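A.B. asks: Sequence unavailable; structure follows:
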């Protein structure tokens, strides 16, 4: 089964994981810029990180026949310090034109603060300035509902924003409807302990339909599984979904969204 | 979509195991010393939702565990999340 992994943090994963993804049928994966598990001490740390995303990871993925794309930003967790965040954002123009950069992401909120919101909105403006898609992280656990509402309210102030070029990620049962109803794309993250299990993700598809939605592993340095998407596809098969229904979610939909970036060639 | 019977055949054992695991978690908490915190109150509310006859229990449980306050702080008082609004 061919599929696209639209959200994976491969800098945190081993080369063995690339091999597993390739064996499972992964043709392309997309790596949003994110928190490294610790706060970087300077903007220089992000400069090196952006080089890793745009120079090193594409080569590592190519060894297994996987196309590697990335998104750039300062993640919401480190965006609570606006001064530091702006130093990092000043680096983005140096990298934004590189051939595997899809757009701005994963921006968003972490603890739903005014500082995070300010930096979120400045990122959205960068995406508008370069006419690129946006990938948005929604907060964890108890902060997700409030944060998702704040993000949607904030995006309403961007009159020129094309909502079909914005994906709001990590939706669950309490946020999927509001994201889709507002005209955005929705991403479901398959995690063993938080976010969605495969069966809950399939339930969300049954409740909200299969348009403007994808699923991802968001595998990183935490409890996560790079094989989550093919495992969810297996669960769909067990629930009697047809191969074309599965392909729509794991390949066609990501392709439709990602092709809006001029650099996504597959 | 699968019928109810087919779904039971496919997932009943897994769901049964999860319910027993929840029961064992509550037993474990009762056996251990000390006092709990407000997370247990949210947990009890979530368990009540499971008994309600409604089609959106998962959504309702997630809402039980969600921060519903309208305030927006200037900066984060702490990082990370605990699974229920504890502060």
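C.D. replies: Alright, I've got the coordinates. Quick caveat: nothing in here was measured; it's all calculated off a predicted structure.
A.B. asks: use CA for all of it now, contacts and neighbours both
C.D. replies: Will do.
A.B. asks: Which residue comes closest to residue A:194 once chain neighbours are left out?
C.D. replies: Once flanking residues are discounted, residue A:194 sits nearest to residue A:141: 7.4 Å by C-alpha to C-alpha, 6 or more residues apart in numbering or on different chains.
A.B. asks: do you know how far the residue in chain A that chain B sits nearest to is from residue A:38?
C.D. replies: Nearest residue of chain A to chain B, counting by C-alpha to the nearest C-alpha: residue A:142, 4.1 Å away. For residue A:142, the distance to residue A:38 (C-alpha to C-alpha, to the nearest Å) stands at 21 Å.
A.B. asks: Also residue B:10?
C.D. replies: 41 Å.
A.B. asks: between the two, who's got more neighbours?
C.D. replies: Between residue B:10 and residue A:38, residue B:10 has the larger neighbour count (other C-alpha atoms under 10 Å in any protein chain shown), namely 14 against 8.
A.B. asks: Is that one in a helix, a strand, or coil?
C.D. replies: helix (DSSP: H, G, I helix; E, B strand; the rest coil).
A.B. asks: which parts of chain B sit against chain A?
C.D. replies: Residues of chain B lying near chain A by C-alpha under 8 Å from any C-alpha of the partner chain: B:1-2, B:7, B:58-60, B:62-63, B:65-68, B:72-76, B:79-85.
A.B. asks: quick one on the thing from earlier: so what does the residue nearest to residue A:194 have for phi and psi?
C.D. replies: When quoted as degrees, to the nearest 10, the phi and psi of residue A:141 stand at phi 50, psi -120.
A.B. asks: show me what contacts it?
C.D. replies: By C-alpha atoms under 8 Å, 6 or more residues apart in numbering or on different chains, the contact set of residue A:141 is A:194, A:195, B:65, B:66, B:81, B:82, B:83, B:84.
A.B. asks: Tally up the residues packed near the first one, please.
C.D. replies: For residue A:194, the neighbour count with other C-alpha under 10 Å is 15.
A.B. asks: In the sheet, which residues pair with residue A:214? Tell me.
C.D. replies: According to DSSP bridges, the partner residues bridging residue A:214 are residue A:187.
A.B. asks: any idea how far residue A:94 is from residue A:51?
C.D. replies: When C-alpha to C-alpha is the yardstick, residue A:94 and residue A:51 sit 10 Å from each other.
A.B. asks: what's the answer for residue A:168, then?
C.D. replies: In this structure, residue A:168 and residue A:51 are 25 Å apart, going by C-alpha to C-alpha.
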